[in-house]
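>>> structure of the sequence below:
(2 chains)
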Amino acid sequence: MSLVNYATREITCKIVYYGPGRSGKTTNLQYIHSRVPWDRKGEMVSLATEADRTLFFDFLPIELGKISGFITRFQLYTVPGQVYYNATRKLVLQGADGVVFVADSQKSQLDSDIESFRNLQQNLLEHGIDIREIPVVIQYNKRDLPNVFSIDQLDEELNFRNVPSYPASALLGEGVFDTLRSVAEGVLKRLASKLEMPADAEISRG
Amino acid sequence: MVAVTIDPGLTFKSFVLGAENRLAWEAARTAAESPGSAYNPLFIYSATGLGKTHLLVAVANRAKELHPDARIVYSPVEELVRGLEGGAESKYRDAEVLLIDDLQFLGHHSASHQTLFHLLDYLLMAGKQVALACDRPPLEMGELDDRLLSRFSGGLVVDIGRPVLETRKAILELRLAAIGAKLRPEVIDAIAHLAIENVRQLKGALNRVLAAQRTEDRDIQADEVDRLLADVVADPELPWLAEGEGKAKGEFKDFLSDVSSAVEDALGAPEWRELLARAILKWEAEGYATKRLEEHLDGDEIVDAEQVVAAYERDIAALRAIEGELKRLGAPKPSAISFRDTERVGELRELLERVRREQLAVDDYFLDSEKVVWDWPVIEEQLIEGWDDGDQG
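Below you'll find the model as predicted:
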């Protein structure tokens, strides 16, 4: 969850880039990394290992500086897309404040996109989170390639929850910040509503 | 004997360690020092230029050092398959330690897969050490024979990650020391900060800067590094990596400005939280524990902040009064209880009562109500008698 620490005046938001293997999640982070000034970003790390099992994920911390008196930090993660790394995906997803689903727009990849999106819902549920409760943004990546579905077709197949969606070519840097901006705003809006929400509203909403 | 000429300089000592490669390094060293006893086969994978071959060769060098008579074979997979198909199977079957590099070039010929499977099966059954290096994990190797896949994955599969900043710096420093060259520390820093994650390219970048320094016969400055290495950083797939800072900063600045507005909207809201936050900052600065206020602040329940803060400040006033009173009574400062924690007011009150009681105990005589009741009339009587006597006298 977003950590708003009023005492130390800090906000930390965890955003996870989810999606099938080779859809461009890491490229998104690499592009963001290349755009953030040195003094505002940490080392982009790809880690790690636990016992004999290799876990993969990328991690990029960004310092947005002091906003409204709060030191604001974003932590961006990617999950391994390959089907067999589900344990890692679940682990990385834990405590996410927002999710960017990076879909591969190529026609040949639609099944993988759908399977990965289902897997996202499933893994969120296993953390006790309904996908409707967390800001999710879909990025239709690889728009620069031939043989891609149109945005409408992809929306039809994947975006039945009508979440914000963005076309992108992460390799060219297009749409990367639009996506990040959208999920960041979603996370912060949710944070605002959480801070303002009366206790009984939480109960009556269910 | 080592069948292929290998570089004796590629050792475990000359491999720069970081969090991203430590496990692979440890596993390779174990394989070299106790062949066949653990991690068999050892499957190391990583992107190109991150040290897979270095580790395989280090295994060969170390195993040779410890077991000079053992047959240690290092071979790229293409050469090995050619050898197997050309009838040189015994060369590999007799190996105590077999190191196979560039496994990604194995190809998709089922005949090669089968030949390799039989060789691995034979060596593993015989307890010989096998280590393999590839640019991807076994499961991503495409259409592999299932049996071969299970052999590849049956020991330890370990990756080498991209070198982090500290490792990149260490690699540059080690290289400079090895060739006896010098660069300003900030120049080393600037090179390490570039988006070069391939160790080979990193060394190439270093050479470029050193060459410029030699040619121009002056110290290269940190701000020249970007210009000197623009094409080294350039990646045909990721052209933006080499773009100037100006454009990069502009895009981030726009993003920052949008996110700032969102944060302001998110946090500019409830007054009661502001009140609590201000109180926390104020009392924390004075050294008081504010956990009690923080719990209200972090909770979902809306509270009457004025009331909460007033109650908290009443407790602080009580803490100060108790502290003053204990000092006045000359009581030693309690070591276990803090005067800065409102949760301890109750305990401190009890302590004060105790100190008061202990101090009063010396004057017990005056607290003996019986004595007071009995004594005064007696004294009074005596005084009256004395006075009467004197008067009369």
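
>>> residue boundaries of the strands in chain A?
A:3-5, A:10-18, A:45-50, A:53-67, A:70-78, A:98-104, A:136-141, A:165-167 (DSSP state E).

>>> ok, now the stretch 51-200 of chain B?
Along the stretch 51-200 of chain B, counting by DSSP state E, counting those that start in this stretch, strands occupy B:72-76, B:97-101, B:129-134, B:156-159.

>>> B:V308 contacts B:I280, doesn't it?
No: taking contacts as CB atoms under 8 Å, B:V308 lies outside contact range of B:I280: 11.0 Å. Glycine gets a C-beta too; all of them are placed from N, C-alpha and C.

>>> put the alpha carbons of stretch B:174-185 into PDB.
C-alpha atoms of stretch B:174-185 as PDB (Å, rounded to 0.1, in the frame of the first residue of the first chain):
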ATOM      1  CA  LEU B 174      40.200  -3.100 -11.200                       C
ATOM      2  CA  ARG B 175      40.900  -2.600 -14.900                       C
ATOM      3  CA  LEU B 176      42.700   0.700 -14.300                       C
ATOM      4  CA  ALA B 177      44.900  -1.000 -11.700                       C
ATOM      5  CA  ALA B 178      45.600  -3.900 -14.000                       C
ATOM      6  CA  ILE B 179      46.800  -1.700 -16.800                       C
ATOM      7  CA  GLY B 180      48.500   0.800 -14.500                       C
ATOM      8  CA  ALA B 181      46.400   3.700 -15.800                       C
ATOM      9  CA  LYS B 182      44.700   6.600 -13.900                       C
ATOM     10  CA  LEU B 183      41.600   8.600 -14.300                       C
ATOM     11  CA  ARG B 184      40.000  11.200 -12.000                       C
ATOM     12  CA  PRO B 185      37.600   9.600  -9.600                       C
END
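
>>> chain center to that stretch, what's the gap?
Stretch B:174-185 sits 28 Å away from the centroid of its parent chain (CA atoms, centre = their mean, to the nearest Å).

>>> identify the residues contacting it?
By CB atoms under 8 Å, 6 or more residues apart in numbering or on different chains, the list of residues contacting stretch B:174-185 from outside reads B:14, B:16, B:188, B:191, B:203, B:206, B:209-210, B:213, B:219-222.

>>> about what we covered before: mean pLDDT for the strands of the stretch 51-200 of chain B - can I get that in CSV?
Formatted as CSV, these follow (pLDDT from 0 to 100):
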stretch, mean pLDDT
strand B:72-76, 93
strand B:97-101, 95
strand B:129-134, 95
strand B:156-159, 92
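
>>> of all those strands, which one is nearest chain A?
strand B:156-159 (5.3 Å; CB to the nearest CB).

>>> elements contacting the closest one?
strand A:53-67, helix B:22-33, strand B:42-45 (3 or more CB pairs under 8 Å, 6 or more residues apart in numbering or on different chains; DSSP states H and E).

>>> partners of it in the sheet?
Strand B:156-159 pairs in its sheet with strand B:42-45 (parallel), by DSSP bridges.

>>> so for the partner strand, mean pLDDT?
The pLDDT scores in strand B:42-45 average 95.

>>> about what we covered before: which residues do B:V308 and B:I280 both contact?
Shared contacts of B:V308 and B:I280, counting by CB under 8 Å, 6+ apart, come down to B:L293.
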